[in-house]
Structure formats: structure tokens, C-alpha cells
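Undergrad: Curious how this folds, go ahead:
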Amino acid sequence: MNAPLSHIRVLDMSRVLAGPWAGQTLADLGAEVIKIERPGEGDDTRAWGPPFVADRDGKPTRESAYFLSANRGKKSLALDISTPEGQEVVRKLAAVSDILIENYKVGGLARYGLGYADLKKVNPGIIYCSITGFGQTGPFASRAGYDFLIQAMGGLMSVTGEPDGKPGGGPQKIGVALTDILTGLYTTIAALTALARRQETGEGCHVDMALLDVTVATMANQALNFLVSGVAPRRMGNAHPNIVPYEAFQASDQYIILAVGNDGQFARFCDVAGKPEFAADPRYATNEARVKNRDVLLPIIRDLIRARTGADWIAALEKVGVPCGPINDVAQVFAHPQVQARGMRMELPHPLAGTVPQVANPIKFAGESHDYKRAPPVLGQHTEEVLRELLGMDDAALSRLRAAKAI
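TA: Okay, the predicted model is just below:
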């Protein structure tokens, strides 16, 4: 693949997940991404384990699986930005970069003379992406924000989990840090949009991304259900507030998903279930009617599905185009022939482990393939390379940075 962003350089000053996810996405699309990390410690997630990847001798390293999930394709520069010398290095890098990603608290980098107003002076075209919990403005702007907290505050946990009073009832977070992931993706979109605008104007900008904003925005139909009706959505387990039947059902040997999205699919389901008359019953014939009568219809469907095996239902429903399927664990996901055919698991060369597993970028350009340039880096792996090749530093300059404990 002729990497579409091979002409772009990104300075990734973020850590944990939202910012690194944006940086990894840009790297997958060809950008040169330089990740600045604290000497001796690095990104917080380097310590978020086990599991840690094993080296060539089978002994665990300090490279966590969590870090490996969000930092592919980057160069690691170990740099102490609390030192004047480290700050000057950042300014020099910003002067030759297109995008900067950071997730310090509001004003955090400005204390070091590295805020947007500061770096705009050395590079008017820089696209400076700030990611915080609550944004650069508003009464909560100074507060720290983490995915779990924002899932709760943004309403996501209020619609996730079984209803109160049912077994296992109560709010639940999503099983992955989805708010962080979505914020990373929105940040990528914002950065690329700003790049497109810069082509026309020559000017950069300050992108203000907030985890809370992203969570509110991605409540999607649940948010509009409230805004239209005035009634706050409730937790419904695996059920859908606007579609019936659309949830998990217990077959005789396993749970399956039945996702009936229109009336034609419902009629075909009824035929397979031996209840063709339901498709003409005014209580069930339309989705609107099924939603209103869910408390009558769903117990009937549960009894029907419980009488046959999951494989039997899946085979029969797939033949007639009714969406259904098993609930796979992650091991089953990577063993699935479709996931394998799409190349979603891959291996990349790694300096300690030999190779490390990776989950491929899902963006695919027909007839092309990604050229993944490097595995997630070990801490400081590219410090000298970046300083020498990009900033033209010689041995004497590197020695001065070491003496100042900047690298």
C-alpha cells in the first residue's frame, strides 16, 4: 500500500489509550509517529499487566499486552519534558511536525511552555490535539477524567446491564474502554479534517476533544429517545429499546443472538419457528406493534428457542436471511474463519520477543494492504535515531542532554 499519510509527522505526547489509539491509527495509515515517554517509566500502560509478552527465551519482559494494543508503528523517544533541555527538544520537534496529540490536564503542557499558543509560534500550521476528560472549557475542565468514570457520567452505564431487581441487575461498564477508543477515533477524524483545511488556509488549529462529549455524542439513538420523549432510557440487559426481537436467547445448549431488524425478517423467523401466523397477528406484524407487546411476545420466543439447539437455529435462520449467531469468547473470535480470512491477527518483529501478536487495523482499501512498519516500541528504542536523524544532533549534543538528564 502506498501509505496515504506517509508525508505526515505526528508528535504523540499522550499516554494510556485515547491519545495512543489516535496515534496508532495515524501510524497504520503511514504517518511517522514519534511517541514521547518519560525516561525510566514510559507510558503508564507499560506497567498494566500481567500479561507481559515473553522474550525469545520464554521469560516475561516488561512489555505489557495493554501497551502493545495501542502503540504499534511508533518511534519511542525517552525525554524528560520537565527539564528546559527537554522542552527545547519538543519545540524543535513541533517545528517539523504536522500533528501533536496530548492528554495532559488543561494547562498542563502550558506550564512547560509547550501549550498550543507556545508551539504555534514555532509552527503556525501545527494541528494540536488536546484530549481531556471534560474539555478545555466548562466548570469541570480542570478535573481528571478516566474511561470508567466517563462511562458513568456520560450515561453509558445507565443503559448497560440488567434492570434493577433482576439477577445480576445494576449498572455495568462496557467490557473494553470504549469511551477512550471512540475518543481516539474522533481525534483521528478531527486531525485529518484539520489537515484538509490546512491545505486550503495554511493554518493549523487547536482541537479540543473531551471524553464526556464523545460519550454523550455516541449515545446515539438512546440520547434521541430521551430528547424526543423526555423519558430517560433504562437498562434492558441485552434487549433493544426500539427493535423486537433483538437480544440474546437461550437455546437448549447455548445462548444465541437473534437480531430481527425488519418485518420481513420477522415473518421468515416465524416460518422457521413454526409460528407463521404470528407474522399476520396485528400484535406482532410490525416492529412498532412488537415493541409495544414485547412482554407478551418475548416469553413465547424464549420457549420456542429453548426447544432446539443453537446450531440448529443458526443453520435454519441463516438459510432464510435472518441475522443470528453465537456469542463467541475472544479465543473463538480469533479462531473464526471469517476473522482469519480478513487477516485480523498478525505478527510483527519485536526486538525483545522476536515477534509479537497484533490485531490488524480494520480499515481496508480494496486491492491494497497495509505496510505495518514496526511493532510497538520498547521504551526509548528510537531516542538517538530521532534526535540524530530528525534534529541533526551530534554526539556532543546528545551528551549535553544526558548530562541534563533530559534523555
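Undergrad: quick one, helices of the stretch 251-400 of the chain?
TA: Ranges of helices in the stretch 251-400 of the chain, per DSSP state H, counting those that start in this stretch, are 263-273, 287-292, 294-306, 310-319, 330-335, 337-341, 383-385, 395-403.
Undergrad: So for the fourth one, what gets flagged as buried?
TA: To tie it back to what came earlier, the one meant is helix 310-319. Gly310, Asp312, Trp313, Ile314, Ala316, Leu317 (16 or more other C-beta atoms under 10 Å). Glycine gets a C-beta too; all of them are placed from N, C-alpha and C.
Undergrad: May I see those arranged in TSV, with pLDDT and distance to Tyr372 as well?
TA: Below are these laid out as TSV (pLDDT from 0 to 100; distance: C-beta to C-beta, whole Å):
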residue	pLDDT	distance to Tyr372
Gly310	96	37
Asp312	97	41
Trp313	97	39
Ile314	97	34
Ala316	97	41
Leu317	97	38
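Undergrad: re earlier: so can I have a markdown table of the helices of the stretch 251-400 of the chain showing distance to Gln199?
TA: Formatted as a markdown table, these follow (distance: least, C-beta to C-beta, whole Å):
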| stretch | distance to Gln199 |
| --- | --- |
| helix 263-273 | 45 |
| helix 287-292 | 45 |
| helix 294-306 | 51 |
| helix 310-319 | 47 |
| helix 330-335 | 39 |
| helix 337-341 | 37 |
| helix 383-385 | 29 |
| helix 395-403 | 34 |
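Undergrad: most neighbours per residue, which of those?
TA: Per-stretch averages of neighbours, counted by mean count of other C-beta atoms under 10 Å, single out helix 263-273 among the helices of the stretch 251-400 of the chain, with a mean of 19.
Undergrad: For this structure, name the helix or strand with the lowest mean pLDDT.
TA: strand 60-64 (a mean of 93; mean pLDDT, DSSP states H and E).
Undergrad: Which positions in it come out as buried?
TA: Thr61, Glu63, Ser64.
Undergrad: cool, and stretch 171-181?
TA: For stretch 171-181, burial by neighbour count (16+ other C-beta under 10 Å) applies to Gln172, Lys173, Ala177, Leu178, Thr179, Asp180, Ile181.
Undergrad: Quick one: the strands in the stretch 51-200 of the chain, in order.
TA: Under the criterion DSSP state E, counting those that start in this stretch, the stretch 51-200 of the chain contains strands at 52-54, 60-64, 74-78, 99-102, 127-132.
Undergrad: hang on, the earlier thing: of the helices of the stretch 251-400 of the chain, which approaches Gly202 most closely?
TA: Across the helices of the stretch 251-400 of the chain, Gly202 has its closest neighbour in helix 383-385 (30.2 Å, C-beta to C-beta).
Undergrad: tell me which strands and helices that closest one is in contact with?
TA: For helix 383-385, the packing partners by 3 or more C-beta pairs under 8 Å, 6 or more residues apart in numbering; DSSP states H and E come out as strand 74-78.
Undergrad: closest to Glu162 among the buried residues of helix 310-319?
TA: Gly310 (21.2 Å).
Undergrad: Now for that closest one: which residues touch it?
TA: The contact partners of Gly310, taken as C-beta atoms under 8 Å, 6 or more residues apart in numbering, are Ala251, Ser252, Asp253, Gln254, Tyr255, Ile256, Pro326.
Undergrad: from memory Gln136 sits against Ser142, does it?
TA: No: under the criterion of C-beta atoms under 8 Å, Gln136 is not in contact with Ser142, lying 10.2 Å apart.
Undergrad: list residues touching both of the two?
TA: Val106.
Undergrad: Of these two, give the one with the bigger neighbour count.
TA: Neighbours per residue (other C-beta atoms under 10 Å) separate Gln136 from Ser142, with Gln136 holding more: 15 against 12.
Undergrad: contacting residues around the more buried one?
TA: Val106, Ser130, His206, Asp208.
Undergrad: hang on, the earlier thing: need the max-distance pair from the contacts of Gly310.
TA: Farthest-apart pair in the contacts of Gly310 is Ser252 and Pro326; separation 13.6 Å (C-beta to C-beta).
Undergrad: what's around the residue nearest to Ile314 when sequence neighbours are not counted, how many residues?
TA: What sits nearest to Ile314 in space, not counting adjacent residues and going by C-beta to C-beta, 6 or more residues apart in numbering, is Cys324, at 5.5 Å. Look at Cys324: counted by other C-beta under 10 Å, it has 21 neighbours.
Undergrad: In contact with Cys324, which residues?
TA: Taking C-beta under 8 Å, 6+ apart, we find Cys324 in contact with Ile256, Ile257, Leu258, Ala259, Trp313, Ile314, Leu317, Glu318.
Undergrad: Kindly report the same for Asp208.
TA: Neighbouring residues of Asp208 by C-beta under 8 Å, 6+ apart: Ser130, Gly135, Gln136, Thr137.
Undergrad: Please apply the same query to Thr355.
TA: By C-beta under 8 Å, 6+ apart, Thr355 lies in contact with Glu347, Leu348, Pro349, Ala375.
Undergrad: what do you get for Ser69?
TA: Shown in contact with Ser69 (C-beta under 8 Å, 6+ apart): Val359.
Undergrad: pLDDT at it, what is it?
TA: The score at Ser69 is 98. That number is its pLDDT.
Undergrad: And Met1, by the same measure?
TA: Reported pLDDT at Met1 in the predicted model: 53.
Undergrad: With adjacent residues omitted, what lies nearest to the residue positioned nearest the centre of the chain?
TA: Against the mean C-alpha coordinate of the chain, by C-alpha atoms, centre = their mean, the closest residue is Ile181 at 2.2 Å. Among residues not flanking Ile181 along the chain, Trp21 sits closest, at 5.8 Å (C-beta to C-beta, 6+ apart).
Undergrad: That neighbour and Ala70 touch, don't they?
TA: Yes: counting by C-beta under 8 Å, Ala70 is a contact partner of Trp21 at 5.2 Å.
Undergrad: returning to what we had before: write down the beta-bridge partners of the residue nearest to Ile314, one by one.
TA: Leu258 (DSSP bridges).
Undergrad: domains of this protein?
TA: The record's domain parsing of the chain by automatic domain parsing lists 9-218+342-403, 246-250+255-326.
Undergrad: For those, give me a markdown table that also has distance to His240.
TA: Converted to a markdown table, the domains of the chain look like this (distance: least, C-beta to C-beta, whole Å):
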| stretch | distance to His240 |
| --- | --- |
| domain 9-218+342-403 | 11 |
| domain 246-250+255-326 | 4 |
